[in-house]
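>>> Compute the structure for the input listed below.
(one chain, ligands or ions: 1)
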Amino acid sequence: MTGTIRTMDLFAGAGGLAQGFKQSGLGYETVFAVEIDPAAARTFKQNFGCPVYDGPIEKVPDAEYPQVDVIIGGPPCQGFSPLGRDRDDASRAEINELWQQYLKAVRLVRPKVFVIENVPEFQKSVQFARLLQLMETDEDLKAYKFGYGVLNAADYGVPQNRRRGIFVAVREVDAVPWPPKPTHGPDSPEDTPYVTLHDAIADLPAYPERTEITAEEDGRQDLHIRRTPTQKSLDRYRAIPPGGNRFDLRRNRPDLEPRCWADKPTGTTDVMGRLWWDRPSVTIRTEFYKPEKGRYLHPVHDRPITHREAARIQSFPDDFVFVGSKIEVARQIGNAVPPLLGESLARFVYDLAFASGLR
Ligand SMILES: C[S@@+](CC[C@H](N)C(=O)[O-])C[C@H]1O[C@@H](n2cnc3c(N)ncnc32)[C@H](O)[C@@H]1O
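Model prediction:
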């Protein structure tokens, strides 16, 4: 099929998922997005040039939703109550209802395809069970066939192990075969090796000079920025060998071990961990610049990964522009769906819904 596939992104963030659809080159064009965070909304507008409703989705007037072929998006991930346990409190219930706002837009617009992305736990939640029930009983939703499961971004060429719950629904098809074929790893057709951290970031300077995000003359951004750690933090980083973590600090420099860790002799092995060169990174979250929050130390240099390194690990192209403070940009990077995973999803739904020219 040639021509534009009109796409709408709800809970759009910076647009990692939308970037994947765009860069697939299959004709997807985002024509409208909804995002409550002002900095992320500005990033989206900057990169996709479409109208962005920068407020709560609950307030979007029905008439503002345009006619589109595809809806994509990830309702926020906090606090899904596991099946069989009643753990809802008022605020969590409110967050959980956001996926229903997504469904409301689906019912209004009736796109050919919709894609929901979320944390893996969503697919084990009461809310997801309710979604499956609606897919079978709701007059508007019954027309869709669907497939779902947990996908690892590394299987789709991303230099990162990042597991996401993905749900794909297509109207008026016989079935949605699941999962999308991995492009990398042991289940890929040619056993293509995973993309490693070395592949993704080894070309970047060891110790960046700038401390602030700067616009370059060619319109790109310098996101390879350093922090200014205390001597004590530096000494801690130096005590962690390749692949090591906070327990190496205890072995090598017990004098530098923070009291709260000394009091907690067991627990997560990622805290103050060093990444490995020869494998995909661990999951990058929104505070990747704090080594005390996870395995975010560079494999060989004595510093946490930079914003550019995190964006590369998320498979953002270097010409993607982020708007906001360092903290806001880190949040957008850490919250994103890796564009390369998005690209595989874009191909998957294209083959199912648009390749034959039907809409
Ligand atoms: C997981 S992130 C989305 C990431 C995005 N799909 C990407 O690939 O970059 C979820 C987003 O939902 C936004 N959000 C949360 N509550 C919202 C609401 N009530 N209305 C609109 N957006 C909301 C958050 O600000 C956050 O950016």
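>>> hmm, stretch 286-293 in reach of the ligand?
No - contact between stretch 286-293 and the ligand, assessed by Cβ under 6 Å from any ligand atom, is absent, since the two come no nearer than 9.8 Å. Using the backbone N, CA and C atoms, a C-beta is placed for each residue, glycine as well.
>>> Quick one: end-to-end distance for that stretch.
The stretch stretch 286-293 measures 10 Å between its terminal residues, going by Cα to Cα, to the nearest Å.
>>> 884 is where my numbering starts, stick with that
With the count now opening at 884, the last piece we talked about shows up as stretch 1169-1176.
>>> Contacts for that stretch next, please.
With contact meaning Cβ atoms under 8 Å, 6 or more residues apart in numbering, stretch 1169-1176 is reached by 1110, 1116, 1119-1120, 1141, 1154-1156, 1168, 1177, 1179-1180, 1187-1190, 1193, 1209, 1213-1214, 1216-1218.
>>> just the buried members of these?
Restricting the contacts of stretch 1169-1176 to buried positions leaves 1116, 1119-1120, 1154-1156, 1168, 1177, 1179-1180, 1187-1190, 1193, 1209, 1213-1214, 1216-1218, with burial counted as 16 or more other Cβ atoms under 10 Å.
>>> Narrow these to those in helices?
Applying DSSP state H to the buried ones among the contacts of stretch 1169-1176, the entries found in helices are 1116, 1119, 1120, 1190, 1193, 1209, 1213, 1214, 1216, 1217, 1218.
>>> residue boundaries of the strands in the stretch 884-1033 of the chain?
888-893, 911-917, 935-936, 953-956, 996-1001, 1027-1035 (DSSP state E, counting those that start in this stretch).
>>> picking that back up, could you restrict the contacts of stretch 1169-1176 to the ones contacting the ligand?
Checking these against the ligand by Cβ under 6 Å from any ligand atom, the ones in range are residue 1218.
>>> can you tell me how far the residue lying closest to residue 899 once chain neighbours are set aside sits from residue 1000?
Spatial nearest neighbour of residue 899, excluding adjacent residues (Cβ to Cβ, 6 or more residues apart in numbering): residue 1219 at 2.9 Å. In this structure, residue 1219 and residue 1000 are separated by 10 Å, where distance is defined by Cβ to Cβ, to the nearest Å.
>>> Name the residues contacting each of those two.
Counting by Cβ under 8 Å, 6+ apart, the residues touching both residue 1219 and residue 1000 are residue 900.
>>> Of these two, which one has the most company?
Of the pair residue 1219 and residue 1000, residue 1219 is the one with more neighbours under other Cβ atoms under 10 Å, namely 30 against 23.
>>> quick one: contacts for the more buried one?
Residues 896, 897, 898, 899, 900, 1197, 1199 are the ones in contact with residue 1219 under the rule Cβ under 8 Å, 6+ apart.
>>> Let's see if you can find the most crowded of these.
Using other Cβ under 10 Å as the contact criterion, the top neighbour count among those goes to residue 897, which has 33 neighbours.
>>> pLDDT at it, what is it?
At residue 897, the pLDDT value in this model is 98.
>>> now swap in residue 982 and tell me
88.
>>> likewise residue 1100?
In this prediction residue 1100 is given a pLDDT of 85.
>>> ok, now residue 1139?
Confidence per residue is given as pLDDT, and for residue 1139 that number is 87.
>>> From what I see, it and residue 1119 are in contact.
Yes - under the criterion of Cβ atoms under 8 Å, residue 1139 is in contact with residue 1119, at a separation of 5.1 Å.
>>> what's the overlap in contacts for the two?
Shared between the contact lists of residue 1139 and residue 1119 (criterion: Cβ under 8 Å, 6+ apart) are residues residue 1132.
>>> and the ligand, which of the contacts of residue 1219 contact it?
By Cβ under 6 Å from any ligand atom, the members of those lying near the ligand are 896, 897, 898, 899, 900.
>>> what's the burial count for the closest residue to residue 955 other than its chain neighbours?
Nearest in space to residue 955, with sequence neighbours left out and distances taken as Cβ to Cβ, 6+ apart, is residue 998 at 4.6 Å. By other Cβ under 10 Å, the residues close to residue 998 number 25.
>>> what about the nearest residue to residue 925 once chain neighbours are set aside, how many neighbours?
Nearest in space to residue 925, with sequence neighbours left out and distances taken as Cβ to Cβ, 6+ apart, is residue 1206 at 4.2 Å. Counted with other Cβ under 10 Å, the neighbours of residue 1206 add up to 20.
>>> Could I get the pLDDT score of residue 1206?
Note on residue 1206: pLDDT of 97.
>>> how much space between residue 1138 and residue 1080?
With distances defined as Cβ to Cβ, the gap from residue 1138 to residue 1080 amounts to 30 Å.
>>> ok, the two, which is more surrounded?
Taking neighbours as other Cβ under 10 Å, residue 1138 and residue 1080 compare with residue 1080 leading, 24 against 8.
>>> residues contacting that one?
Contacts here follow Cβ under 8 Å, 6+ apart; on that basis residue 1080 touches 1042, 1158, 1159, 1160, 1161, 1162, 1163, 1164, 1182, 1196.
>>> Please spell out the PyMOL selection for the buried subset of those residues.
The buried subset of the contacts of residue 1080, as determined by 16+ other Cβ under 10 Å, is captured in PyMOL by this line:
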select buried, resi 1042+1158+1159+1160+1162+1163+1164+1182+1196
